[in-house]
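In: need a structure here:
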Amino acid sequence: MKAKQIFTAKYNHDLVNKECTYCFEVIYPENKIVVDYKDTEDLFLISITHTTTGKEINIDGAGFKTVNKVDKKQFLSGNEEANMEGYVVKFMNGIKLRVKYKFNAYVEQHKGKKVSIETIKRNMRRMESVNLTNIPDECYDEVKNIQIEMENEVECKRKKIENEYQSIMKKSNNERDVIEAIKQSKFRSILFAIHGNKPYEMLLWKLL
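Out: Next comes the predicted model:
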């Protein structure tokens, strides 16, 4: 169940002030990254901001579940709780700033959840989708950038090879001459596919 579905199923839309922007974190079993929330399936309110003025509104009593709060003494103690991600530190001196503080155990487990560049490339060479099921949100941009880079590289190779085929065809319409010219190219498998009007997308990806 996605965030919108959880919201629709569990909360009355009348609770929402349309003049404000709400920040939630969605928790559901299928979205487990490191911390195991078991069967919890809910939205937790992080903040409410008045959209026009930028003023932050107190979330207590807003009608939604919120995260547990700890005092400064508990935070500075350095004690880490099991099966927890860490803290979000909110500055109270007029600065509109929140900082994530991750527990060491979470960071270590988190490292093992990242998709390696080679895994992404291997999947894309096979024209398979990259599995992001257990990948932290903050890794999505990195994965997306790698995908875009590879797609651009494939597109460049496509244009280069198609231009080479056009050049071969311009030199001669004789089938024997065309075949011989294709045989001399390092991209002959793709050129033969083009010449035979066969699919060659997979062959392009294998070049990477």
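In: part of a strand, is residue 123?
Out: No - using DSSP: H, G, I helix; E, B strand; the rest coil, the assignment for residue 123 is helix, not a strand.
In: ranges for the strands of the protein?
Out: Taking DSSP state E, the strands of the chain run over residues 20-27, 42-50, 56-57, 65-66, 86-90, 98-102.
In: let's have those in CSV, adding mean neighbour count, distance to residue 183 and mean pLDDT.
Out: Where you see a C-beta, it was placed from the backbone N, CA and C, and this is true even at glycine. Output for those, formatted as CSV (neighbours: other Cβ atoms under 10 Å; distance: least, Cβ to Cβ, whole Å; pLDDT from 0 to 100):
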stretch, mean neighbour count, distance to residue 183, mean pLDDT
strand 20-27, 16, 57, 84
strand 42-50, 17, 62, 84
strand 56-57, 14, 70, 83
strand 65-66, 14, 68, 83
strand 86-90, 15, 61, 72
strand 98-102, 11, 58, 73
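In: out of the ones you listed, nearest to residue 121?
Out: strand 98-102 (28.4 Å; Cβ to Cβ).
In: so where's this structure shaky on pLDDT?
Out: 1-15, 30-36, 72, 74-76, 78-84, 87, 92-96, 101, 103-117, 130-140 (pLDDT under 70).
In: the residue nearest to residue 153 when sequence neighbours are not counted: how many residues sit nearby?
Out: Counting by Cβ to Cβ, 6 or more residues apart in numbering, residue 153 lies nearest to residue 208, which is 6.2 Å off, once chain neighbours are set aside. The tally of other residues near residue 208 (other Cβ atoms under 10 Å) stands at 12.
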